[in-house]
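J.: I'd like to go over a predicted model; first the sequence, then the structure.
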Amino acid sequence: MLELLIIRHGETEWNTADIFRGRISIGLSEKGLTQVELLSQYLSSKKIQAIYCSPLQRAKQTAEAIARTYYLNIQPLPELTDLDFGEWEGKSQQEVSLKYKDIYTQWLDRPDLAVIPGGETLTDARKRSINALDWVISQNTGGVVAIVTHRVVTKILICAMLGLDDSHFWNIEHSTCGVTTFVNNGKCFIMMHHNDVSFLKKVSDETTGLK
């Protein structure tokens, strides 16, 4: 039986400033660095055998913190990178809500139908993310594997693993450094725990990022 840990990266300054990150490779904030150290301590007894991650800096820093505990090399997968937010990247939530009012409203109401100018859709991101997940499973028949990526990707993967379509995107919360655990029994995915951030109690004002 394969145990899959779906992990969102630690906090960045742009999370707290409500700025769309997307493909921009920004690093963790000081608080984020503290979060990932607490995360690595929390996962130190899990006997993780492989760690896959988005190639963006914030995800790599998070994966590397976990990897140090196990003396593992992280394995970046391009398919796990964040959603391409196109013209929204680097802009604040407020700026986007004013300049792209109709599209932004649709993003909040029906994200599965939203087409962000110059970006990709949730459908596009879901296809590539599932391809990455399938590849990870093909490489690991049992044990414990960690996948460290971004909120959009964790949420669409969780939807897919639960048999939900992307219209349920906003029904799932995934905080920075949140850990969601599935087991794969060869027939289906079974959710065991969701959005575990119990280890972050030492860090106040934990943020969940943009909607």
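T.: Perfect, thanks for sending it.
J.: quick check, W107 in a helix?
T.: Yes - when DSSP: H, G, I helix; E, B strand; the rest coil is applied, W107 is found to be in a helix.
J.: What is the burial count for the residue nearest to it when sequence neighbours are not counted?
T.: If the residues on either side of it in the chain are set aside, W107 comes closest to A114, at 4.3 Å by CB to CB, 6 or more residues apart in numbering. (Each C-beta comes from the backbone N, C-alpha and C, glycine too.) If you count neighbours by other CB atoms under 10 Å, A114 ends up with 20.
J.: swap in E30?
T.: Residue crowding around E30 was assessed by other CB under 10 Å; the count is 9.
J.: got the phi/psi numbers for it?
T.: phi -60, psi -40 (degrees, to the nearest 10).
J.: so how far is S54 from it?
T.: Plainly put, E30 is 21 Å away from S54 if you go by CB to CB, to the nearest Å.
J.: before we move on, what about Q106?
T.: Going from Q106 to S54 by CB to CB gives 25 Å.
J.: show me the contacts for the residue nearest to W107.
T.: Contact criterion CB atoms under 8 Å, 6 or more residues apart in numbering gives 103, 106-107, 121-122 as the residues in contact with A114.
J.: Dead centre of this protein: give me the residue that sits there.
T.: Geometric centre of the chain, nearest residue: H150, 2.7 Å, by CA atoms, centre = their mean.
J.: Noted, bye for now.
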